[in-house]
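Q: sequence and predicted model, in that order:
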Amino acid sequence: MKTGRIIISLILCAVMLFGCSSGVETDDQQKKTGGKDSPIEIGVTFDSFVIERWERDRDIFVTTAKDMGAEVNVQNANGDVNRQKDQIRYFTEKGVDVIVIVAVDSNAITSEVREAKAKNIPVIAYDRLIRNAGADLYISFDNEMVGHYMAKALLTTLSGKGRILKINGPAKDNNVSLVNKGFDDTMAGRNIIVEDEYYASEWNGEEAFKYLEEHQTLADSVDGVMCGNDTLAGQAVRYYSVKRKAGQVAVVGQDADLDACQRVVEGTQTMTVYKPIEKLAKKAAECAVKLASGEKPDTEDTIEDGRYSVPYVKIDPVAVTKDNMDEVIIDSGFHLKEDVYLMRQ
């Protein structure tokens, strides 16, 4: 009798084991085999978090992706292109569902992107185009329009004529060339003379200040300075403040950083460009989930990366002056009114 019970128990166990092996996967099995219930995994590598806006991009992207049921692995390259290459390889070897990249160097990570794509992992170039790599999507602001707004602000402030300097971000950032194209196209045929042009490595504001100090005669003689972003613009304003000329030399930038908005309402910075980061980051997260699910995001534009035509999601920027600061920045909730106007209280 006891032997019979043992035999029956063994038979029931065998049936149960057979049922498990041929039936529904466990959660762990689904993750390993890519079962339909396993969460989408997104790998994101940022250039760095030195620039004020990137932490905001990260938080909005991660929150949106998580709300859609995806998991996000965020890596920070700290401005080191070799570290970013390692991070892309790590994501590729790990087999994430999609990789999102804010490129340290738009030209240096081409082979790593191609390796990911060779393993059927979609790649999104976030904010900065990756050259000659054939990314599955490029999502950014209209950077040529950013340059156009900067040029237009200088033209208005200088009444269409004058001498200016250009202090750009690093040449390896593809957005720098796009902003310059928009700026130069708008200035073409106008009576604005660009006396000199400088490229600050890694968007280093101290380099901008040092450049102006080392070229004081030139810096003190120009009517305006086009700065690649608000960090550089802040150092230009600092230089002219030391010279007691703040507000007398037109300075333009982009990103609508809080201190830049404060300078705009104070009158020491002529304008900045607001880029709706929340809209960009949310859209990027939605596109990442779509690509990971085998769908193609809806796009109307393409951009040439030097070798391939890349689908392009373009977000419009907005020029910001003291006249529309409340409407664009305060009403959108990008910065609080008490923070922006702190210097005037």
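A: Good, I have the coordinates.

Q: lowest confidence element among the helices and strands of the protein?
A: One helix or strand of the chain scores below all others by mean pLDDT, DSSP states H and E: helix 27-33, with a mean of 36.

Q: mind checking what helix or strand follows that helix in sequence?
A: Where DSSP states H and E defines the elements, the next helix or strand beyond helix 27-33 is strand 41-46.

Q: could you export the helix or strand just after that following strand as CSV, CA atoms only?
A: Scanning forward in sequence from strand 41-46 by DSSP H and E, the next helix or strand is helix 53-67. Once side chains and other backbone atoms are set aside, the C-alpha atoms of helix 53-67 remain, and they are given as CSV (Å, rounded to 0.1, in the frame of the first residue of the first chain):
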residue,chain,number,x,y,z
ARG,A,53,19.3,70.5,-18.7
TRP,A,54,20.5,66.9,-18.9
GLU,A,55,19.3,65.8,-15.5
ARG,A,56,15.9,67.1,-16.4
ASP,A,57,16.0,65.1,-19.7
ARG,A,58,16.9,62.0,-17.8
ASP,A,59,14.2,62.3,-15.1
ILE,A,60,11.4,62.9,-17.6
PHE,A,61,12.6,60.1,-20.0
VAL,A,62,12.9,57.6,-17.1
THR,A,63,9.5,58.5,-15.6
THR,A,64,7.7,58.3,-19.0
ALA,A,65,9.3,55.0,-19.9
LYS,A,66,8.5,53.4,-16.6
ASP,A,67,4.9,54.6,-16.9
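
Q: i'd like the first residue to be 49 from this point on
A: Sounds good: first residue 49 from here, last item helix 101-115.

Q: check contacts around the residue nearest to the spatial centre of the chain.
A: Taking C-alpha atoms, centre = their mean as the criterion, Asp175 is the residue nearest the geometric centre of the chain, at 3.8 Å. For Asp175, the contacting residues are Asp105, Val150, Ile187, Ser188, Phe189, Asn223, Leu328, taking C-beta atoms under 8 Å, 6 or more residues apart in numbering as the criterion. In short, each C-beta sits where N, CA and C put it, glycine included.

Q: helix, strand or coil for the closest residue to the first one other than its chain neighbours?
A: If you skip the residues right next to it in sequence, Asp105 has Ala329 as its closest partner in space, 4.9 Å away by C-beta to C-beta, 6 or more residues apart in numbering. Following DSSP: H, G, I helix; E, B strand; the rest coil, the label given to Ala329 is helix.

Q: among the contacts of Asp175, name the ones in helices.
A: When the contacts of Asp175 are checked against helices (DSSP state H), the matches are Asp105, Asn223, Leu328.

Q: isn't the second one right next to Ser188, touching?
A: Pointing back at Asn223 there. Yes: A contact is recorded between Asn223 and Ser188 when judged using C-beta atoms under 8 Å, the distance being 7.2 Å.

Q: still on that earlier bit, how much space separates the residue nearest to Asp105 from Tyr360?
A: Taking C-beta to C-beta, to the nearest Å as the measure, Ala329 falls 17 Å from Tyr360.

Q: who's more crowded, the two?
A: Under the criterion of other C-beta atoms under 10 Å, the comparison of Ala329 against Tyr360 puts Ala329 first, with 24 against 20.

Q: quick check: which ranges of the stretch 149-298 of the chain have low pLDDT?
A: For the stretch 149-298 of the chain, no stretch has pLDDT under 70.

Q: returning to that earlier point: could you turn the buried ones of the contacts of Asp175 into a ChimeraX selection?
A: The ChimeraX command for the buried members of the contacts of Asp175 (criterion: 16 or more other C-beta atoms under 10 Å) is given here:
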select :105,150,187,188,189,223,328
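
Q: for the contacts of Asp175, which one is nearest Gly282?
A: Asn223 (18.7 Å; C-beta to C-beta).

Q: give me the distance between the residue nearest to the closest one when sequence neighbours are not counted and Ala332.
A: Computed as C-beta to C-beta, 6+ apart, the closest residue to Asn223 that is not its neighbour in sequence is Asn191, at 4.9 Å. From Asn191 over to Ala332 the distance is 16 Å, taken as C-beta to C-beta.

Q: domain ranges for this structure, per the record?
A: Split into domains by automatic domain parsing, the chain comes to 82-183+325-363, 191-323+367-392.

Q: mind listing the helices for the chain?
A: Along the chain, the stretches classed as helices by DSSP H are 50-70, 75-81, 101-115, 129-142, 158-166, 191-205, 222-235, 253-262, 264-267, 278-290, 306-314, 325-340, 373, 385-388.

Q: do you know how far Asp374 is from Lys200?
A: The separation that Asp374 has from Lys200, given C-beta to C-beta, amounts to 21 Å.
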